[in-house]
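Asker: Please work out how this folds:
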Amino acid sequence: MKIVAADVVVSSPSRNFVTLKITTDEGFTGLGDATLNGRELAVAAYLTEHVVPLLVGRDPHRIEDTWQFLYRSAYWRRGPVTMAAIAAVDMALWDIKGKVAGLPVYQLLGGASRTALRTYGHASGRDLPELFDSIRQHLEEGYKSIRVQTSIPGIKALYGVAAQAQATGERYD
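Answerer: Prediction:
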């Protein structure tokens, strides 16, 4: 099996998400996330111009060999752009390996390590009554942990509260 194509997809309006899609000669595809907040287009360019040409013709099953090749052969020091690109290749190759094996990747990496995961809800409101309504709603949904955030009188924009205001049609800009 050989890699025959690797495509870089930049998507999402107003925010760039970078995805690497690797395709093999046997029709398997693997996806890897290369998003690096604030430098997405730098990673996309690095993948397109430097990494993709190196991938075509390689064996997708040689994941560690490919990782070492990309990590050690770079002329420039490895920084966040290079490492985001290498991580995307790594994820896409593991995705292919899982599809070929007919198993989810976590099974290939040793199986599940837990049966549940604790999460929290985010209760917010512009004032205390709205905040308490949000807290009650999260409790009814079964959350045992709730992050609580409310607006501050006189401050028009507050991280974490704007979504509540937008839901009612008001804006805090």
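Asker: Might you calculate how far stretch 29-40 sits from the centre of the chain?
Answerer: Here the centre of stretch 29-40 is set off from its chain's centre by 7 Å, with C-alpha atoms, centre = their mean, to the nearest Å.
Asker: what does that stretch contact?
Answerer: When contacts are defined by C-beta atoms under 8 Å, 6 or more residues apart in numbering, stretch 29-40 is touched by residues 8, 10, 16-23, 42-44, 47, 60, 80-81, 84-85, 87-97, 99. Using the backbone N, CA and C atoms, a C-beta is placed for each residue, glycine as well.
Asker: ok, now stretch 107-115?
Answerer: 94, 97-98, 101, 106.
Asker: Go ahead and build a ChimeraX selection from the buried members of these.
Answerer: Command for ChimeraX that selects the buried part of those, burial taken from 16 or more other C-beta atoms under 10 Å:
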select :94,97,98
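Asker: Among the contacts of stretch 107-115, which one lies nearest to A116?
Answerer: The closest of the contacts of stretch 107-115 to A116 turns out to be Y106 (C-beta to C-beta; 15.0 Å).
Asker: tell me which element that closest one falls in.
Answerer: helix 105-108 (DSSP states H and E).
Asker: Report the buried residues of the helix of greatest length in the chain.
Answerer: Counting residues, the longest helix found in the chain (DSSP state H) is helix 80-101. Applying a neighbour-count criterion of 16+ other C-beta under 10 Å, one finds 81-82, 84-99 buried in helix 80-101.
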